[in-house]
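1. need a structure here:
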Amino acid sequence: MNTPSPFSPWPRLPALALCVALAGCAANVERPGSAGGNALQVPARAQTSVALVVRAASPELARSADWQALRGAWRDAMAEAAKTAGKQFQYLEAEPQSTPAGSTLVVVQVKDYRYLSTGARYGLGVMTGNAYVNADAAFYVGPGRTPVGQRSYSTSSSAWQGIFSAMTDKQLASISAAMLKDIDGG
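-> Residues are numbered from 1 along each chain as shown. All right, here's what the predicted structure looks like:
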């Protein structure tokens, strides 16, 4: 009977392969034009509550068949990110005239996107193409509507990552976490 040596790499290969495959699950958020930029000046009193508005940069985007799915996915992603960060969260269908005291309003303008669900990637594989999101965000604090800065956020998936590449839901989760980090001064 030939017993493998405890120092043999063969028993560890499946675990290593799984780690490599799962490394593609997270989405990388690119921040065009923000390298070396100033941190947002959000007062501590406005860091505990976040409101989000997601709007399209063009009428064509707003008429896309999957526009409401994207907005819903972003609402869910920010709700989860805010919960994890210990912040109150409110999703707004339309942009308000003012921001309540003690909160930060994030107005996202989606410039371009390709919505792909994780189920589509698993079902159709790389033939579904790449998911991406390209958006600008303006940050305001209350009371009133005091602007505290703007940021750009961009993510994309790659067919090279196969079924484990980050689809729209994971990309929006990463962007939402980056937005909250910006609100906190990070």
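2. can you give me the helices in this structure?
-> Counting by DSSP state H, the segments of the chain that form helices are 13-22, 59-62, 67-85, 118-124, 168-183.
3. which of those helices has the lowest mean pLDDT?
-> Note on those: helix 13-22 shows the lowest mean pLDDT, a mean of 37.
4. in stretch 73-92, what counts as buried?
-> For stretch 73-92, a neighbour-count test (16 or more other CB atoms under 10 Å) marks 73-75, 77-82, 85, 87, 89-91 as buried. Glycine gets a C-beta too; all of them are placed from N, C-alpha and C.
5. Pro59: neighbour count?
-> Residues contacting Pro59 under the criterion other CB atoms under 10 Å number 7.
6. and the buried residues of stretch 73-92 as CSV, adding distance to Thr104?
-> Listed next are these as CSV, based on distance: CB to CB, whole Å:
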residue, distance to Thr104
Ala73, 21
Trp74, 16
Arg75, 16
Ala77, 17
Met78, 12
Ala79, 15
Glu80, 17
Ala81, 13
Ala82, 11
Ala85, 12
Lys87, 9
Phe89, 11
Gln90, 11
Tyr91, 14
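7. closest one of the residues you listed to Val108?
-> Ranked by distance to Val108 (CB to CB), those are led by Trp74 at 7.2 Å.
8. wait, the closest one touches Val54, no?
-> Yes: with contact defined as CB atoms under 8 Å, Trp74 reaches Val54; the gap is 5.1 Å.
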